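Colleague: Please work out how this folds:
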Amino acid sequence: MSGTQQRVHTARRLLGIAQNAAEQAGELLLASRQRAAAEQKSSATDLVSDADRNAEALIRNILQRQRPADAIVGEELGIQPGSSGVSWSIDPLDGTTNYLRGYPGWAVSIAAADSDGTLAGVVFDPKVGAMYAAGADGATLNGRELRVSTTSDLAVSIVGIGVSYDADVRARQGVDLAINLPQIGDIRRGGSAALELCHVATGALDAFVEDDLEPWDWAAGAHIVQQAGGVVTPLARAETRGILVSTPGIAPQLRRSLQLT
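Modeller: As a prediction, this is how the structure comes out:
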């Protein structure tokens, strides 16, 4: 078996584990929403619930049983070192505020990577039963192959955006948006970076950008976009970091508009 074939095989095995874990976490979250208790994290709008922690604990338990030597990095429960060379990134509930308010747009996000990059990524929307998934040989939604849009004109593109929980960062993002808004067709704001990334993979959005994210927010979704033919650009500023993804047809225009080139 060649190195490429071995990587595809490994990715498929990890993808199956991630999908199973995401489905089980999704069931837990659906059953817990009405009674979930929340508290503040970094700000009054940055919330965490007992459902977040319980879902992450469930995912970790599944991963530890099946892949005990792997490292795990989770949003709520921190870092568990490993020795296998594979590391998992977990966001057990991306879109906690949406979840707690009963607003659509929250998901479970799980990714696995090694020293050569991401091997597998899953974003699961339990409300509608949507399983976005990618290994090393393409991206799917409930088994259907995904491809990004063919949009090539930024002026007619639909761009998803995310904003920070930090008020000062949010104010700066508002200024950036005002500058760039005339260059694009329209914007959308869903409240879950993981799902917005997947919407780029399906072609529903032409791009998504948010520059105040942690890696677990975008690890799975960005991999899904890339496997669906999209362009992925990690972002880093002095004070924040995040992700820009887009269909190839508008990537150069969008990078110029955002002054990334």
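Colleague: buried sites along stretch 253-261?
Modeller: Residues of stretch 253-261 classed as buried: 253-254, 257-258 (neighbour count, 16 or more other CB atoms under 10 Å). Placement of C-beta: from N, CA and C, glycine included.
Colleague: of those residues, closest to A207?
Modeller: Nearest to A207 among the buried residues of stretch 253-261 is L254, at 5.7 Å by CB to CB.
Colleague: which element is the closest one on?
Modeller: Using DSSP states H and E, L254 sits in helix 251-257.
Colleague: try L119
Modeller: Here L119 is covered by strand 117-125, with elements defined by DSSP H and E.
Colleague: following that strand, which helix or strand comes up?
Modeller: strand 130-134.
Colleague: Run the chain-centre distance for that following strand.
Modeller: Relative to its chain's centre, strand 130-134 lies at 11 Å (CA atoms, centre = their mean, to the nearest Å).
Colleague: Please identify the helix or strand for Q64.
Modeller: Assigned by DSSP H and E, Q64 falls within helix 50-66.
Colleague: residue nearest the centroid of the protein?
Modeller: Centroid check for the chain by CA atoms, centre = their mean gives A194 as the closest residue, at 2.8 Å.
Colleague: I'd guess that one is in a helix, am I close?
Modeller: Yes. With DSSP: H, G, I helix; E, B strand; the rest coil as the criterion, A194 is part of a helix.
Colleague: residue boundaries of the helices in the stretch 51-200 of the chain?
Modeller: Using DSSP state H, counting those that start in this stretch, the helices of the stretch 51-200 of the chain run over residues 96-101, 167-180, 193-202.
Colleague: Quick check: which helices or strands does the helix holding Q64 pack against?
Modeller: For helix 50-66, the packing partners by 3 or more CB pairs under 8 Å, 6 or more residues apart in numbering; DSSP states H and E come out as helix 3-32, strand 71-74, strand 87-94, strand 107-114.
Colleague: Stretch 69-89: which residues count as buried?
Modeller: Quick answer for stretch 69-89 (16+ other CB under 10 Å): 70-77, 82, 86-89.
Colleague: Where does the prediction get shaky in this protein?
Modeller: Residues of the chain meeting the criterion pLDDT under 70: 1, 34-48, 237-240, 261.
Colleague: isn't V200 right up against T247?
Modeller: Yes. Using CB atoms under 8 Å, V200 is in contact with T247, at 7.3 Å.
Colleague: out of the two, which sits in the more crowded spot?
Modeller: Neighbour count, other CB atoms under 10 Å: between V200 and T247, V200 has more, with 29 against 25.
Colleague: what residues are up against that one?
Modeller: 148, 160, 206-208, 225, 228, 230, 245-247 (CB atoms under 8 Å, 6 or more residues apart in numbering).
Colleague: Inside helices: which ones of these?
Modeller: Within these, membership in helices is found for V225, as judged by DSSP state H.
Colleague: Next, find the distance separating the nearest residue to V169 once chain neighbours are set aside from L30.
Modeller: Ranked by CB to CB, 6 or more residues apart in numbering and with sequence neighbours excluded, the top spatial neighbour of V169 is D212, at 5.4 Å. D212 is 28 Å from L30, where distance means CB to CB, to the nearest Å.
Colleague: Counting neighbours, go ahead and name the busier of the two.
Modeller: Shown here are D212 and L30; by other CB under 10 Å, D212 has more neighbours (21 against 13).
Colleague: Against A236, how distant is the more buried one?
Modeller: From D212 to A236 the distance is 11 Å (CB to CB).
Colleague: Return the residues in contact with Q253.
Modeller: Neighbouring residues of Q253 by CB under 8 Å, 6+ apart: 153-154, 183.
Colleague: try G85
Modeller: Contacts of G85 by CB under 8 Å, 6+ apart are 114-115.
Colleague: now do 10 Å
Modeller: 69-71, 113-116 (CB atoms under 10 Å, 6 or more residues apart in numbering).
Colleague: what does D176 give?
Modeller: Per CB under 10 Å, 6+ apart, neighbours of D176: 161, 209, 211, 258-259.
Colleague: need the residues you listed in a markdown table with distance to D94, can you?
Modeller: Shown next, in a markdown table, are these (distance: CB to CB, whole Å):
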| residue | distance to D94 |
| --- | --- |
| I161 | 15 |
| V209 | 16 |
| D211 | 17 |
| L258 | 23 |
| Q259 | 28 |
